[in-house]
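Student: what shape does this take:
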Amino acid sequence: MEGKCEEALMANKFLKAEILRRSNVVKQHSEVISNIEQYSRRDCVEISGLPEESDEDTNALTIKVGSLMVLKINESDISVSHRLPLIHQSQSYSSRLRPRAGAVSNTVDQHPKIMVKFVRRDTKDLFLWQ
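Tutor: The predicted structure is shown next:
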């Protein structure tokens, strides 16, 4: 009986060490995935708070917002822009993801956000005062 108990304790100790090792691997992979997700979003900007108008041009709105921020944005700088669909919070895909600091979901009680993906280029050319 003592032999079986000792064997079970050793197996338990091994399993705890294996769980800890795998937990660390999962943590490392989560950090790598987070970095990849962040890199994939580096050319994207969310613009929120602008009322939606019929037949609006989201590229023109982006250029106007940029000019208010003293940024020189041309139509050729924008790869694509569009409004994000309004959805209920319970149905939100992003609500199931790990929340970013300051992130606000695009719910029906606010204006739909504009997502802008820019063409990659040197950002020093964007500032008007240089």
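Student: and whichever helix in the chain runs longest, what does it pack onto?
Tutor: In the chain, assigned by DSSP state H, the helix with the most residues is helix 2-40. Judged by 3 or more Cβ pairs under 8 Å, 6 or more residues apart in numbering; DSSP states H and E, helix 2-40 is in contact with no other helix or strand. All C-beta spots, glycine's among them, are computed from the backbone N, C-alpha and C.
Student: what's the following helix or strand after it?
Tutor: strand 44-47 (DSSP states H and E).
Student: hey, C-alpha coordinates of that next one in CSV?
Tutor: Presented in CSV, the C-alpha positions along strand 44-47 are these (Å, rounded to 0.1, in the frame of the first residue of the first chain):
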residue,chain,number,x,y,z
CYS,A,44,-5.2,50.6,-39.1
VAL,A,45,-7.1,53.3,-37.3
GLU,A,46,-10.5,53.4,-35.8
ILE,A,47,-12.4,56.7,-35.9
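Student: give me the mean pLDDT for it.
Tutor: In this model, strand 44-47 carries a mean pLDDT of 91.
Student: pull out the buried residues from that strand.
Tutor: Neighbour-count burial for strand 44-47 flags 45, 47 (criterion: 16 or more other Cβ atoms under 10 Å).
Student: which regions of the protein sit below the pLDDT cut-off?
Tutor: 87-109, 121-130 (pLDDT under 70).
Student: let's see it at 90
Tutor: 1-3, 31, 33-44, 54, 71, 85-111, 119-130 (pLDDT under 90).
Student: can you list the domains in it?
Tutor: 1-41, 43-85+111-129 (the TED database).
Student: any idea which of the ones you listed is most buried?
Tutor: domain 43-85+111-129 (a mean of 14; mean count of other Cβ atoms under 10 Å).
Student: just give the nearest non-adjacent residue to Ser79, would you?
Tutor: Lys117 (4.5 Å; Cβ to Cβ, 6 or more residues apart in numbering).
Student: check contacts around the one you found.
Tutor: Contact criterion Cβ atoms under 8 Å, 6 or more residues apart in numbering gives 43-44, 78-81 as the residues in contact with Lys117.
Student: what's the helix or strand that contains Val80 in contact with?
Tutor: Counting by DSSP H and E, the element that carries Val80 is strand 78-83. For strand 78-83, the external contacting residues (Cβ under 8 Å, 6+ apart) are 43, 52, 58-59, 61-63, 112-119.
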